[in-house]
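**Q** Just need the structure, nothing else, for what follows:
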Amino acid sequence: MNRYVYICTKDIMPKSLPDYKTAFFFALGFILLNVLLLTMYLFGRDFFLLSEDQALQSGRFGVHIVLIHLGFIFLNTYLLYLLNFKLLRTDFSSLKKLVFIILFTFSLATVLSYACSWIQIHIQEPSHSYKIIRGGLVRDYGIAIIVIFSSQILYLSRKQQQIVLENTILQAENIKTRFIALKNQVDPHFLFNALNTLNSLIKTDPDKAQEYVQQLSSVFRYILQNKQVITLEEELKFCDAYCHLMQIRYGDCLQIEQNIDKSYLNYYIIPLSLQILVENAIKHNVISLKQPLKITISTHENETIRVGNSIQMKKKAEVGEGIGLANLSEHYLLMWKEKITISNKDGLFVVEVPLKQYIN
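**A** Okay, here's the model as predicted:
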């Protein structure tokens, strides 16, 4: 299962957004297009260069004029694409981003057009310089419009591909997470401890045994659900059920304290996040009457929830197939592009998980 998911996620990683290489090939495409349009030049269209009669009179009609023309188009197109790709990577809203793109693209096109026209006038020394300037502006504004539209289309296309690929990765990761979580919880060792505890309760405290069965069924029912996100309130109910099982097993040796702001109960969290962190604390720390383990679960103003515990590490770390902090961190990066925060200082191990008020 793990090998299958690894292969899938490796093969379908999203392509990068447009960059300087893309800009180069797009500019090259403009050159090829303009080679076809040079008939306009041969028939004396001054939108691009001097008319044929003017060029002949000035003695400057030749291949070098064509090369200068193509060079201007390549330079302008390349720089305009680079600018558009740079602005498309910003974190502004779509509307603000589009306004900036239009404003800066036409501003740059104007500057480049006047610069190129000045060079062309200096080389050709025409009798009517305004025609060179006018032709340059028409050319470069036309290029600017094409660049803006083609950049938007390319960017949206790449974005859509990226979303589809990321969703595919998430589905694979979700399958892996659910599979490993279910495997961990249904592990024979876990079942043995659960049934052994239940057997003892049936003999000593039948009422508590019934409560234990209810909590155990809640744990399995939650694990088997097919949801990628869930409210904090639902996650806390599941975490309470799991913690209740652990407290019955460890008794007073395990202390779990919650400090939850009710305003966050409708925020969203990835399922099993709290259970994974509680399980991680129990698995890697000594739990005894001499060294009771205290776990704290609390929300904070920066829209996060923290799970912390006193550090009393076992001499020999347990080896298992648990999901672990690395996989939990990867899941949050893929799902929400958020990072979990891990700190280990002053005798406390704390993991901070982001909460989302809204989800797409």
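
**Q** For the stretch 151-300 of the chain, which segments count as helices?
**A** Under the criterion DSSP state H, counting those that start in this stretch, helices of the stretch 151-300 of the chain are mapped to 188-204, 206-223, 232-250, 273-284.

**Q** If you count neighbours, what's buried in the helix or strand hosting K97?
**A** Assigned by DSSP states H and E, K97 falls within helix 94-124. Going by neighbour count (16 or more other Cβ atoms under 10 Å), the buried part of helix 94-124 is 97, 101, 105-106, 108-109, 112-113, 116-117, 120-121, 124. Any C-beta I mention is one placed from the backbone N, CA and C, and that applies to glycine too.

**Q** Endpoints of stretch 196-210, how far apart?
**A** 14 Å (Cα to Cα, to the nearest Å).

**Q** avg pLDDT for it?
**A** In this model, stretch 196-210 has a mean pLDDT of 81.

**Q** repeat for stretch 144-159
**A** On average, stretch 144-159 scores 84.

**Q** Contacts for it, please.
**A** 15, 17-18, 22, 26, 77, 80-81, 84-85, 88, 98, 101-102, 105-106, 109 (Cβ atoms under 8 Å, 6 or more residues apart in numbering).

**Q** Please name every helix or strand in contact with the helix holding K97.
**A** helix 63-88, helix 129-185 (3 or more Cβ pairs under 8 Å, 6 or more residues apart in numbering; DSSP states H and E).

**Q** Just the angle for the shortest one relative to helix 129-185, thanks.
**A** What separates the directions of helix 63-88 and helix 129-185 is an angle of 40 degrees, with axes from the mean of the first three to the mean of the last three Cα atoms, to 10 degrees.

**Q** how far is helix 63-88 from where the chain is centred?
**A** 32 Å (Cα atoms, centre = their mean, to the nearest Å).

**Q** Does it pack against any helices or strands, and if so which?
**A** For helix 63-88, the packing partners by 3+ Cβ pairs under 8 Å, 6+ apart come out as helix 20-37, helix 94-124, helix 129-185.

**Q** From the chain's centroid, how far away is the second one?
**A** Mean-position distance between helix 94-124 and its chain equals 33 Å (Cα atoms, centre = their mean).

**Q** between that helix and helix 63-88, how many degrees?
**A** Going by the same axes, to 10 degrees, helix 94-124 makes 160 degrees with helix 63-88.

**Q** Double-check that V351 belongs to a helix.
**A** No - counting by DSSP: H, G, I helix; E, B strand; the rest coil, V351 is not found in a helix; it is strand.

**Q** and it, how many neighbours?
**A** 24 (other Cβ atoms under 10 Å).
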